[in-house]
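what's the 3D shape of this:
(one chain, ligands or ions: 1)
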Amino acid sequence: MSYRLTADHDELRAVVRQLADEQIAPRAAAIDASAEFPWDLKELLARQDLLGTWCPTRFGGTQLDDISQAILVEEIARADATTSLIPIVQKLGSLPILVAGSEEQQARYFPRLASGEWLAAFGLTEAGSGSDVAALRMRAKRDGDDYLLSGSKRFITHGSIANLVTVIALTDPDAGGRKGMSAFIVETDTPGFSAPRLEHKMGIRGSPTAELHLDEVRVPAANRLGEEGDGFAIAMATLDRSRLSIAAQAVGIAAGALDFAVAYAAQRRQFGERIADLQGIQFMLADMASQNEAARQLTYAAAAAVDAGAPDLAYWTSCAKLIAGDTAMRVTTDAVQVLGGYGYVTEYPVERMMRDAKITQLYEGTQQIQRLIVARQLLRRAGVTRPTDG
Ligand SMILES: Cc1cc2nc3c(=O)[nH]c(=O)nc-3n(C[C@H](O)[C@H](O)[C@H](O)COP(=O)(O)OP(=O)(O)OC[C@H]3O[C@@H](n4cnc5c(N)ncnc54)[C@H](O)[C@@H]3O)c2cc1C
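Down below sits the predicted model:
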């Protein structure tokens, strides 16, 4: 998959980096400590037109290519992973409407999402259904021109603050998980919708992760995405594309940790010299840089695959998320090592970056699930598929 960075990409990176360095990075430690959603930074990103980069221009978005969207996420995550989730999840929650919504549904919701007036979330995971998506239990029963949605969702990023959640629920339990699911646009001010509990988390602490309860929430049939039974395919198409954002987030977190470690090593002195002049430290910095560069280039290649609508885009986005997530964990852990004891305390940002990096190995499919996707694609290319592979 070939790609070339353009002057526009460089310019976007420079603009977002300046914004992130000046207005986001100084807030990161306080957001982490308070575990409060940064509404001011959401407004900042909305004012800068950075929440609708995924959205077609005819609905008020800026419709940037996927490499640009990756650069945007990367540069924000370099300053603060929590804040990078604002554009990531705005896109994640909107993707089901983008991939399966009608012109009318897109016209109804996209302008408010692209401008940031409304926030979106994506509701797939349940307590008993994480990696095993087909095990989900939330029900959507037809009732005249509406559906009544009942059940619970777990771990829904921004679920407590979103105006709209794209929800996957069972319309035909007898058909079995994959065939019996449908996707719905649920407005969160509908009676019966509640977000009773937030998780206490290791990292990305300013990003609320909510449990959602739906008690006979009435959703018009006009808010169903695609046909009944399309839900599993819509969820997979969403995640296959959205994983790219997680790869970019991981590259950004690692870049932030590497930059800090280099600057620290250049001024910290032990045994009468800068630790940056010690070969042991230099080797560590070189490994961190080269591994993250590899993750970055793979992420841009995956972005090009998504942009091109490549039939094997899931292979690329899963490869990118797998490599970038593991790299972010390794690089941030090594950054803590470069700082020694100072890396372990909250006075310096690298311990926060290490905690934030961990989530990139878990959400939007764990690293084990990425390996299953990559392997399945490899076997499909080789003409070896199982009847259950879909
Ligand atoms: C902070 C946070 C935010 C999230 N945001 C969202 C969101 O916005 N929307 C949403 O729908 N979900 C969200 N999730 C859910 C997330 O995607 C799931 O947690 C994730 O997919 C894993 O599911 P699980 O936690 O149930 O783990 P499990 O599926 O129970 O997995 C447990 C372990 O078993 C391994 N495992 C499972 N199956 C296999 C297999 N077949 N082969 C090998 N190993 C396997 C896993 O890799 C893992 O190590 C979020 C989660 C977190 C923690």
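
the ligand contacts on the chain?
When proximity is defined as C-beta under 6 Å from any ligand atom, the chain approaches the ligand at 121-125, 130-131, 155-157, 201, 209, 359, 362-366, 368-369, 372. Any C-beta I mention is one placed from the backbone N, CA and C, and that applies to glycine too.

correct me if wrong: residue 126 contacts residue 139.
No: Residue 126 is beyond contact range of residue 139, at 11.4 Å (criterion: C-beta atoms under 8 Å).

can I have the buried ones of the residues of the chain next to the ligand as a PyMOL selection?
In PyMOL, this line selects whichever of the residues of the chain next to the ligand come out buried by 16 or more other C-beta atoms under 10 Å:
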select buried, resi 121+122+123+124+125+130+155+156+157+201+209+359+363+364+365+369
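
hang on, the earlier thing: so for residue 126 and residue 139, which sits in the more crowded spot?
Comparing residue 126 with residue 139 by other C-beta atoms under 10 Å, the one with more neighbours is residue 126, at 22 against 16.

and the pLDDT for the more buried one?
We note a pLDDT of 98 for residue 126 in this prediction.

kindly report the same for the one 5 residues further on.
In the prediction, the pLDDT value recorded for residue 131 is 98.

contact partners for it?
365, 366, 368, 369 (C-beta atoms under 8 Å, 6 or more residues apart in numbering).

next: residue 296.
Contacts of residue 296 by C-beta under 8 Å, 6+ apart are 74, 251, 255, 324.

could you rerun that using 7 Å?
Residue 296 sits next to residue 251 when contact means C-beta atoms under 7 Å, 6 or more residues apart in numbering.

gap between it and the ligand?
Note on residue 296: its distance to the ligand, by C-beta to the nearest ligand atom, to the nearest Å, is 23 Å.

mind naming the longest helix for this structure?
helix 231-267 (DSSP state H).

what comes up buried for that one?
So for helix 231-267, counting by 16+ other C-beta under 10 Å, buried means 231-258, 260-262, 264-265.

what strands line up against the helix or strand following it, and which way round?
Counting by DSSP states H and E, the next helix or strand C-terminal to helix 231-267 is strand 269-270. Partners of strand 269-270 in the sheet, by DSSP bridges, are strand 273-274 (antiparallel).

list the residues that contact the residue of the chain found nearest the ligand.
The minimum distance from the chain to the ligand, using C-beta to the nearest ligand atom, falls at residue 130 (1.7 Å). If a contact means C-beta under 7 Å, 6+ apart, then residue 130 has no contacts.

how far away is it from residue 369?
Distance from residue 130 to residue 369, counting by C-beta to C-beta, to the nearest Å: 9 Å.

ditto for residue 340
For residue 340, the distance to residue 369 - C-beta to C-beta - is 35 Å.
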